[in-house]
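Participant: Attaching a predicted model along with its sequence, questions to come.
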Amino acid sequence: MKRLIQTLMLITATTLAAPVVSAEQIVVYSARNEHLIKPVFDRYTQKTGVEIKYITDKEGPLLARLKAEGANTPADMLITVDAGNLWHAAQEGVLAPLESETLLANIPAHLRDPQKRWFGLSVRARTIVYSSERVNPGELSSYEDLADPKWRKRLCLRTSKKVYNQSLVAMMMERLGKEQAEEVVRGWVANLAVPPFSNDTKAMEAVLAGQCDVTIVNTYYFGRMQSKDPAIKLALYWPNQADSGVHVNVSGAGITRHAKHKQAAIDLLEWLSSTTAQEMFAGLNMEYPVNPEVETAPQVQAWGDFKGDDTNIAKAGELQTEAVMLMDRAGYR
Ligand code: FE
């Protein structure tokens, strides 16, 4: 015990006496997976010498931790996926609004918080995937059309518990009005071939297995399956091209209210929106860069151009509670 105390004292003394080589350090809480952020952070550290410490977890625990830590939080930045989650974090008061001409210039207005508390960093399209063996793309047109009786027992969906679908339905409510949106969701439920799946990949596997013919997924999940099997008998379809466009969402970030390294964190956030970082940030997950100046990765580009919905994605958060209730009423589990 005595030795332990001596050792601890020695460590403390050494730490205190050590010259400060770089005071610059940033702490990030990330719900985006480590393999998607580490290479980007490493690049930043190489370039600037700024050390980035991070922990990764699901958005729920990270938000609970931020709230519990309050003013004592070591976190300077929160990275998470889906505008529904970013909106929720902002609503809980853990993010600080910030003024940055760079972020306003690099990120289109509909992909960031109008109150400047969070900013999209990559775009994900939630679109229709169909069996290229059993569906003629000419049969497809819109998310709403998947409620048509012609798709009876041909539709697969991921669970309504996932924020991705809550955001999709929330944006549909904004676009079509609540009543019409509910009718669409009821139609989807009526057309389900099998109960909803726990994730996008399982829904696509069901289409491949012939359990159903169409589903709705984030394109990067399709990309992962396509990378494993380039001849996969699935294809992407871009719905609503004549009207609202494809439902797009973001992964993004905000600076915490109690950031200890606020300016350093803002510098990192601005860099993440720049051309240098964007290619990596989006490309690592086969997503689309949020910065329109940046090229999309070749595999993603090969899926073709589409028109995306340009309604501010903050609506997905604002209408989330109502969307959840609507899905519940419509029997979407
Ligand atoms: Fe995902």
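Facilitator: Yep, that arrived. Numbers count the residues shown, from 1 in each chain.

Participant: Point out where the stretch 1-150 of the chain drops to low pLDDT.
Facilitator: Along the stretch 1-150 of the chain, segments meeting pLDDT under 70 span 1-23.

Participant: just the strands in it please.
Facilitator: For the stretch 1-150 of the chain, the strands defined by DSSP state E, counting those that start in this stretch cover 25-30, 51-56, 77-81, 95-96, 119-131.

Participant: Can you say which of these is nearest to Glu322?
Facilitator: Across those, Glu322 has its closest neighbour in strand 119-131 (18.7 Å, CB to CB). Glycine gets a C-beta too; all of them are placed from N, C-alpha and C.

Participant: helices or strands next to the closest one in the packing?
Facilitator: helix 163-176, helix 200-208, strand 214-218, helix 219-228, strand 234-237, strand 247-256, helix 275-283, strand 288-289 (3 or more CB pairs under 8 Å, 6 or more residues apart in numbering; DSSP states H and E).

Participant: so the fourth one versus strand 119-131, what angle?
Facilitator: Going by axes from the mean of the first three to the mean of the last three CA atoms, to 10 degrees, helix 219-228 is angled at 60 degrees with respect to strand 119-131.

Participant: What is helix 219-228 packed up against?
Facilitator: Helix 219-228 sits against strand 119-131, helix 200-208, strand 234-237, helix 298-301, with contacts defined as 3+ CB pairs under 8 Å, 6+ apart.

Participant: and the next element down the chain from the last one?
Facilitator: Read in the C-terminal direction, the helix or strand following helix 298-301 is helix 314-318, with elements assigned using DSSP states H and E.

Participant: what's Asp243 in contact with, if anything?
Facilitator: Ser142 (CB atoms under 8 Å, 6 or more residues apart in numbering).

Participant: Using the three-state scheme, assign it.
Facilitator: Reduced to three states with DSSP: H, G, I helix; E, B strand; the rest coil, the structure at Asp243 is coil.

Participant: ditto for Val194
Facilitator: coil.

Participant: picking up where we left off before, most packed of the helices and strands packed on strand 119-131?
Facilitator: Of the helices and strands packed on strand 119-131, the one with the most neighbours on average (mean count of other CB atoms under 10 Å) is strand 247-256, at a mean of 27.

Participant: Specify the angle between it and strand 77-81 in degrees.
Facilitator: 160 degrees.

Participant: circling back to that earlier point, for Asn33, which of the helices and strands packed on strand 119-131 is the nearest?
Facilitator: When those are ranked by proximity to Asn33 (CB to CB), strand 247-256 comes first, at 10.3 Å.

Participant: The closest one: partners in the sheet, and parallel or antiparallel?
Facilitator: strand 77-81 (antiparallel), strand 95-96 (antiparallel), strand 119-131 (antiparallel) (DSSP bridges).

Participant: thinking again about what came up before, same list (the helices and strands packed on helix 219-228) but as TSV, adding distance to Ile107.
Facilitator: Converted to TSV, the helices and strands packed on helix 219-228 look like this (distance: least, CB to CB, whole Å):
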stretch	distance to Ile107
strand 119-131	5
helix 200-208	25
strand 234-237	25
helix 298-301	19
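
Participant: Can you give me the distance of Val194 to Gly245?
Facilitator: Computed with CB to CB, to the nearest Å, the distance linking Val194 and Gly245 is 29 Å.

Participant: These two - which one has more neighbours?
Facilitator: Taking other CB atoms under 10 Å, Val194 and Gly245 do not tie; Gly245 has more neighbours (18 against 13).

Participant: Output the strands paired with strand 247-256 as CSV; include the columns distance to Leu272 and mean neighbour count.
Facilitator: Putting these into CSV (distance: least, CB to CB, whole Å; neighbours: other CB atoms under 10 Å) gives the following:
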stretch, distance to Leu272, mean neighbour count
strand 77-81, 9, 25
strand 95-96, 15, 21
strand 119-131, 5, 24
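
Participant: Would you reformat those as TSV and include distance to Ala231?
Facilitator: TSV is the format used below for these (distance: least, CB to CB, whole Å):
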stretch	distance to Ala231
strand 77-81	30
strand 95-96	44
strand 119-131	14
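
Participant: Of all the ones you listed, which one comes closest to Lys178?
Facilitator: Among those, the nearest to Lys178 by CB to CB is strand 119-131 (20.0 Å).
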